[in-house]
Every structure is written in C-alpha cells, then in structure tokens.
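1. fold the following.
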Amino acid sequence: MNPGDRVRVERVGVTNEGVLMPSSTPEHLVLKLDGGYNVGVAREDADVDVLESDAYDVGEAGEDGDGEDSSSEIEFDDDLPTVALISTGGTIASTVDYRTGAVTAQFDAEDVLRAVPDLAGRANYRGRVVANILSENMTPDVWRELARAVEAEIENVADGVVVMHGTDTMQYSASALSFVLDTPVPVVFTGSQRSADRPSSDNVMNAVCAVEAAKADCAEVLVCMHGSESDDVCALHRGTRVRKNHTSRRDAFETVGARPLGQVDYEREAVTFRRDYAERGSVELDCAPELSSDVELVKFTPGMDPAAWDYLDGKDGVVIEGTGLGHVHTDLIPRVAELVEDGTVVAMTSQCLEGRVCDRVYDTGRDLLDAGVVEAGDTLPGTAKVKLMWALANLSDPADAMGRSLA
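-> Alright, predicted model coming up:
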C-alpha cells in the first residue's frame, strides 16, 4: 500500500475506510475519511485491505502530487507588496500528533504558505519563526522577541506583518505589541480555532484576510478572525480592545465596548473600516520592548481567603479584577493599602465586560481610592496587566499612566 490508496483498516474491532495519507511516524497509519477528518491508527495488530490503488494523488511530506520537492523558493514579484509572516505556533500552524491524538504546533512560516495555497499571488512573503509553542506557553520574553522581530521586518521594508498565533492568549500578545510598538505599517495577528485537518477549519480564510488587512492602510496592531459563523467576513479588532469570548466557535473574538474597527470581505477581498484609525506611515517606527515581569492579575470573588493575596508582597504591580464599578470586600482594603505603601502600583479593573470602573460612587470605592488604588477606566483586565507591565518598565509615573490612554 502507498499514500493515495483507498484502504480499509480494522484494528481491535474498529473499522475505518479512507485514503491513506503520509504519516509522520512509522508506527501509525493516517487515513483521510470521507467526511474530511484525518484519523491515526496504530500499525500494530492492524489488518489493512487495499480497496483501490492510486485513488488519490498524494505526495510525501515536502513533495507535491508528482513527488517533486515543493519547498522551493518563493518567487518575488516587484509589483506586489511584501508581507512578513511571523510564526509563534498555534492551531493555524499545526498538525495532528497521531501518537496522542492532540493538535501540536509544528509548522514554520514557509510551511503555512504551502498549507494555504490561496495566499499565493497576494503578496511577496518573508517567513520568520519566533517561537513554536502553543499559546498557553506564551511569556513576556517571547513578546519581547516578537516585538524585535516585527521591528526588524519593518526595517527591512515589509509593507505589513502577519503574526500567526494561538488563539487562547492572542489578546495578551496583541495588547503587548500595541504598547511596545509604534508602527508605520499594519501588524495583524491571526490564528485558527480549528486545525487544518478539520472540514470546518478557519485557517485558510483567516490567513487570507489577515494578509489583505496587512496590505491595507490601517497601521495599527489588529486581530483578524472570523466575524461570523459563516465564511463571509473576518473582523478586525484593535489589539487593546479584543477578547476571546468563546472556547471553540470560529467567531470567538469580539471587540469589547464597540463594534470591530473594520472587516475583510473574504469573497470580495475588500477591507473596510468603521472609525478613524492610524494611517500607514503616520508615525515613525519605534520599539520599546522592555516589560516588567513582576505584575500580577488577581480576581476578587465573594468568600475568598485573604491569604490568597499573600504572594503579592513585593510585586511591582497588581491589577485587580473587581466586581461592578471596581470593588472588593472591605476586609481586603487594608491589604491593598499595605501593597501601595510598599511601592506596588495597584490598578482596578472590572469583571464586567462592558462599562468603566468608577470608585467614586460607593463607600467601598472611595475607600479603595483612599488606599491608593488607580482606576483603569474601561481597560480590559488582561490589557491592563500588559499595560502596567509596559508602563512600569518605560514610564516615570506608571500609576498616572494607568488612568489614561497609551495605545
């Protein structure tokens, strides 16, 4: 049997039928089922019947359907803009590990170009790998590397940058680059909620729309993801205002407090914006990648043990996710005052998705202000953490900065 043969595989009483695909390990068979999903089956104790030879034209990994190397040079067209593709890992650049059945990040930027042929002819591409991790493993150190990589690509005359990133912590990374970078070109984060082996994968549309956004005029840090359940438009969210609000839907990302800044019509390949934005070339490139790693985001909940906050002693900054207008239990206010007296910047955000913090309405809020808490306005809690990390490392008065717009 060879890749491309239609086979029936029976193992431990389970039968699968489909097209045999190339496998990354000699211990497993990989079948593409009629529904579009791939399945891995251990070769040991498996009975295989070849139903049809060469039913499908499948090349080995790194080859096209004729068996020729497809990892060839990417041709440049002087009439096309140049878009830098920076990979940090995530589902948009992932494959299935048939040893465990889990999705793992394995592709570099050039692999994504081969995996998404629809990107061809839209731009000239340069690929760079900053990390190859799932986004839950993202750290401020990687943010710094990412910022420097984006800066280098723009200095190398990239007309736009697309950052491929896992969706779980994309909002944090987009926030980080919003504060770290003054960019004269679009920097567009994109990812995928569903891996490429799934029929409902969103990787192709998201990647195509991100490239179109990177060629547009809005020189800001954006997140480009599905804007609806259908394959019609991708929404463009500001990096500081976006939040992942669903675990698995393709349109999981939303702009909190407003509609998305713009959108990309997938079929028409048209990019439109609803509000004013920073235009291409309106600022000089600048990168201030230093971040204080000694900042914590903590949530207040009713009945919590005050000892849960003991580890905050000596922190440079703390962001509290309070209730409503920005409240915690009155018994915790002396603890907050101790932190402020010891030099910790304490900023208040809200667990509510909409609206602004205002600690001037109720006694608890006024007591928090007297204790030295800084109101963070309508800043999202995750964005507030990243903002405080940047302000502590770059500004002389980070507490004052938390009460005003920086990005």
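
2. where does the stretch 1-150 of the chain dip in pLDDT?
-> 36, 57-75, 90-115 (pLDDT under 70).

3. let me fix that, I meant to ask about the stretch 301-407 of the chain.
-> Checking the stretch 301-407 of the chain against pLDDT under 70 turns up nothing.

4. so where do the helices sit in it?
-> 333-341, 363-370, 381-394, 398-401 (DSSP state H, counting those that start in this stretch).

5. redo the ones you listed as CSV? Include mean neighbour count and distance to E10.
-> Backbone N, C-alpha and C define where each C-beta goes, glycine included. Converted to CSV, those look like this (neighbours: other Cβ atoms under 10 Å; distance: least, Cβ to Cβ, whole Å):
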stretch, mean neighbour count, distance to E10
helix 333-341, 16, 63
helix 363-370, 17, 66
helix 381-394, 24, 49
helix 398-401, 18, 64
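
6. nearest to G191, of those?
-> Among the helices of the stretch 301-407 of the chain, helix 381-394 comes nearest to G191, with 16.0 Å by Cβ to Cβ.

7. and the closest one, what does it pack onto?
-> Here helix 381-394 touches helix 170-180, strand 295-299, strand 317-322, strand 345-350, helix 398-401, going by 3 or more Cβ pairs under 8 Å, 6 or more residues apart in numbering; DSSP states H and E.

8. can the ones you listed go into JSON lines with extra columns for distance to G262?
-> Converted to JSON lines, the helices and strands packed on helix 381-394 look like this (distance: least, Cβ to Cβ, whole Å):
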{"stretch": "helix 170-180", "distance to G262": "15"}
{"stretch": "strand 295-299", "distance to G262": "29"}
{"stretch": "strand 317-322", "distance to G262": "29"}
{"stretch": "strand 345-350", "distance to G262": "26"}
{"stretch": "helix 398-401", "distance to G262": "27"}
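
9. isn't G365 right up against S350?
-> No - using Cβ atoms under 8 Å, G365 is not in contact with S350, being 11.1 Å away.

10. any shared contact partners between these two?
-> Common neighbours of G365 and S350 are listed as 325-326 (criterion: Cβ atoms under 8 Å, 6 or more residues apart in numbering).

11. could you report the pLDDT at the nearest residue in space to C287 that is not next to it in sequence?
-> Leaving out its chain neighbours, the residue that sits closest to C287 by Cβ to Cβ, 6 or more residues apart in numbering is E151, at 4.2 Å. At E151, the model reports a pLDDT of 97.

12. for E151, give me phi and psi.
-> phi -60, psi -40 (degrees, to the nearest 10).

13. how much space between it and A84?
-> Distance, E151 to A84, using Cβ to Cβ, to the nearest Å: 11 Å.

14. let me know whether L368 touches L325 as I believe.
-> No - using Cβ under 8 Å, L368 makes no contact with L325, being 10.1 Å away.

15. for the nearest residue to L388 once chain neighbours are set aside, which residues are in contact?
-> Leaving aside its sequence neighbours, L388 sits nearest to G317 (Cβ to Cβ, 6+ apart; 4.3 Å). Going by Cβ under 8 Å, 6+ apart, G317 touches 292, 294-296, 344-347, 388-389, 392, 398.

16. so what's G317 bridging to?
-> Beta-bridge pairing of G317 under DSSP bridges involves V295, V345.

17. so D168 sits in a strand?
-> No - read with DSSP: H, G, I helix; E, B strand; the rest coil, D168 is coil and lies in no strand.

18. and which of the contacts of G317 is nearest to G127?
-> M389 (28.6 Å).

19. remind me, longest strand of this protein?
-> Longest strand of the chain, by residue count under DSSP state E: strand 14-21.

20. neighbour count for E151 and A84, which is higher?
-> More neighbours surround A84 than the other of E151 and A84, with 27 against 19 (other Cβ atoms under 10 Å).

21. ok, for that one, nearest residue in space, not its chain neighbours?
-> Nearest residue to A84, sequence neighbours excluded (Cβ to Cβ, 6+ apart): E153, at 3.7 Å.

22. verify the stated contact: that neighbour with G127.
-> No - judged on Cβ under 8 Å, E153 makes no contact with G127 at a distance of 10.2 Å.

23. higher neighbour count, those two?
-> E153 (22 against 16).

24. just the buried positions in the host helix or strand of that one, please.
-> Taking DSSP states H and E as the criterion, E153 maps to helix 140-155. Residues of helix 140-155 classed as buried: 140, 142-147, 149-151, 153-154 (neighbour count, 16 or more other Cβ atoms under 10 Å).

25. K244: which of the residues you listed is nearest?
-> W143 (17.3 Å).

26. quick check: that closest one touching S178?
-> No - judged on Cβ under 8 Å, W143 makes no contact with S178 at a distance of 11.0 Å.
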